[in-house]
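> Below are the sequence and a predicted model for it; my questions follow.
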Amino acid sequence: MADTERRIDPSLDPQPAWPRDEGKVYLVGAGIASLAAAVFMIRDGDKRGSDIMILEESAAIGGALDGAGNPDTGYVLRGGRMLESKYLCTFDLFASIPTLDDRTTVTQEIFDWNETIRTSSKSRLFDHGRRITAPEFGLHETHIMTIERLALEPERLLGQTTIADHFDAAFFRTGFWLMWCTTFAFQPWHSAVEFKRYLLRFSHMVAGFNRLEGIMRTVYNQYDSMVRPLHKWLLARGVRFETGTRVTDLGFDEDGDERAVVGIDYERDGSPGRILVDADDVVLVTLGSMTEGASLGAMHSAPRLLGERAGGAWALWEAIAAGRPAFGNPSAFCDHVEQSKWLSFTVTLADSELLDIVRDATGNVPGEGGLITFPHSRWLASIVIPHQPHFIGQPEGVSVFWGYGLAIDQPGDFVPKPMSACTGQEILTEILGHLRLHAQDGTADGGRPDDRVGHILRDATCIPCLMPFITSQFLPRRHGDRPAVVPAGARNFGFIGQFCELPDDTVFTVEYSVRSAQTAVYTLLGLRRTPPPVYKGAFDPHVLLKAFRALHDIDRPAFATS
């Protein structure tokens, strides 16, 4: 194609064409997978940043690694991703990215921070005002044997079976399952294959699982600590971010089993357009979206469960996969909202009073305790109290924490409504109840009124967020429902993010997205290098021994409650 034939809409580029001295790179979606791909293109593929364009439907970048708001109207975090030391692709990526203050690299900052603030929960469960420091797993021998069988059984034999297909009802009442499902957001109806992958991938963490030992956090929320440094690094190298641009379809040149992208169809400001793609260009598409259709409530209003997909990620996947089985099956993941939804909430406090109460009750200093679950909560609710400040620029004295529920269609213990139908004030009221600050009659333990409740509710802002697809990647699937990162016959394109197939690694992690990006870049650019291999602690006899002892509660401390 001659240079003069190359056309992109003037709203995307004031110039009629980019110089044609080398191929261009188009990244669809501005989540962590695309940001990582852009870095690998520049750092390892010697691409110029000015030859890379990232197309994003929303006005923000970062995807699920978001963080927004202010102390006046409230901060918002849809979720928080846990890190651990064996995220080799993630730490390889961020070893090249300076922190915002250029003091060190993001990777080094994370490791230094977690030497200072080590996660070791003193109250993994908080039950009726009683902290349970190191809960027992409580597994029967048959449960342990099933876990061992799943670890060994090939994925093709597990097929579309669910976790519930392999365990009896008693398993789902054990301490192991309670901690497992609230740590990773698994449900009994989720995929046995994904459960197996988690068992293997995190086998080295089983021994410290009941105290969340080994889990790593960033200094601030992950948007401030990870996305913003990435964005700054990419901007400095000329990478172009085109927000407000919804990609609707890809045009393909299909010749037998080989395909190449020749066009990117998009909508911007209500007007359609097309980017023409040359054979030496590269197109990477983030498939699907965990956070598409997310709906925010407010202190006095509940979020809505959006009946129709509000964004374009699923629609794009459906468009390009139609008639192309090698591109996967999006309906396996996006058509089961009742099995993939849950609700999170972010609380902004005008002072530290509530955090001080939680510290005194649980023994967890903010930042060190990790997830605190209320085991008898009908919502199966949990909270996380991070180190403060949690946002860059968060004023002194203002506090922020986050939480979520897994059983959001059940009435609460203190608020007789489903969590999904609750306002922020009602959700915070329920949480205060489980902290023994509030009961159904408006009083605290033993009927004694607690004046702190009214003060906390008056000065707090709790913003709920209902997400219909947040665990869609855990749903049962067939082989091929997730496409290969670079499908067979693909000449200039690939798929990245949570809904492509990476053997051995686990979805719902930053690592999975980064690994997909690294794999796609190295493959399509023909680089003689590969991503770091997935850590396989299950082949380490020392790891296996520690896991065996933990599963049998052999090393459980004599005093685990207070």
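Alright, I've got the coordinates.
> Domain-wise, how is this protein divided?
3-65+222-290+308-327+478-524, 137-208+536-551, 342-467 (automatic domain parsing).
> Would you mark the buried spots in stretch 134-142?
Under the neighbour-count criterion of 16 or more other CB atoms under 10 Å, stretch 134-142 has 134, 135, 136, 137, 139 buried. Glycine gets a C-beta too; all of them are placed from N, C-alpha and C.
> How far does that stretch stretch from one end to the other?
Its first and final residues considered, stretch 134-142 spans 22 Å by CA to CA, to the nearest Å.
> Show me how far it is from its chain's centre.
From the chain centre to the centre of stretch 134-142 is a distance of 28 Å (CA atoms, centre = their mean, to the nearest Å).
> Repeat that for stretch 185-199.
The answer for stretch 185-199 is 15 Å, by CA atoms, centre = their mean.
> got it, and stretch 267-284?
Counting by CA atoms, centre = their mean, stretch 267-284 comes out at 28 Å from the chain centroid.
> okay, residue 310: pLDDT?
We have a pLDDT of 75 for residue 310.
> Which other helices and strands does the helix or strand of the chain with the lowest mean pLDDT contact?
Between all helices and strands in the chain, the lowest mean by mean pLDDT, DSSP states H and E belongs to helix 452-459, at a mean of 90. Contact analysis of helix 452-459 by 3 or more CB pairs under 8 Å, 6 or more residues apart in numbering; DSSP states H and E lists helix 353-362, helix 424-434 as its packing neighbours.
> orientation of it relative to helix 424-434 in degrees?
Angle between the axes of helix 452-459 and helix 424-434 is 150 degrees (criterion: axes from the mean of the first three to the mean of the last three CA atoms, to 10 degrees).
> Residues touching the helix or strand that helix 452-459 is followed by, excluding its own?
Going down the chain from helix 452-459, the next helix or strand is strand 460-467, by DSSP states H and E. Here strand 460-467 makes contact (CB atoms under 8 Å, 6 or more residues apart in numbering) with 69, 73-76, 78-79, 290-291, 293-299, 302-305, 341-350, 354, 408, 420, 422-425, 427-428.
> Give me the buried entries from those.
69, 74-76, 78-79, 290-291, 293-299, 302-303, 305, 341-350, 354, 408, 420, 422-425, 427-428.
> Tell me which of those fall in strands.
Judged by DSSP state E, those include 69, 74-76, 295-296, 342-349 as members of strands.
> Looking at the residues you listed, spot the one nearest residue 311.
Taking CB to CB as the measure, residue 311 lies nearest residue 295 of those, at 11.7 Å.
> so who does the nearest residue to that closest one once chain neighbours are set aside touch?
Closest residue to residue 295 apart from its sequence neighbours, by CB to CB, 6 or more residues apart in numbering: residue 303 at 4.1 Å. Going by CB under 8 Å, 6+ apart, residue 303 touches 295, 296, 297, 343, 420, 464, 465, 466.
> so who does the first one touch?
Put plainly, it is residue 295. Contacts of residue 295 (CB under 8 Å, 6+ apart): 303, 304, 305, 306, 465, 466, 467.
> Could you rerun that using 6 Å?
Applying CB atoms under 6 Å, 6 or more residues apart in numbering to residue 295 gives the contacts 303, 304, 306, 466.
> Who is it paired with across the strands?
residue 466 (DSSP bridges).
> Distance check, it against residue 482.
Relative to residue 482, residue 295 is positioned 26 Å away (CB to CB, to the nearest Å).
> who's in contact with residue 237?
So residue 237 contacts 42, 49 (CB under 6 Å, 6+ apart).
> Look at it and report its pLDDT.
At residue 237, the pLDDT recorded in the model is 98.
> Need phi/psi at it.
For residue 237, the backbone dihedrals are phi -100, psi 10 (criterion: degrees, to the nearest 10).
> thinking again about what came up before, could I get the helices and strands packed on helix 452-459 in CSV, plus columns for distance to residue 91 and mean pLDDT?
Converted to CSV, the helices and strands packed on helix 452-459 look like this (distance: least, CB to CB, whole Å; pLDDT from 0 to 100):
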stretch, distance to residue 91, mean pLDDT
helix 353-362, 30, 94
helix 424-434, 34, 97
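> For those helices, state which one has the densest average packing.
helix 424-434 (a mean of 24; mean count of other CB atoms under 10 Å).
> now it against strand 342-349, angle please.
Using the same axes, to 10 degrees: helix 424-434 against strand 342-349 is 90 degrees.
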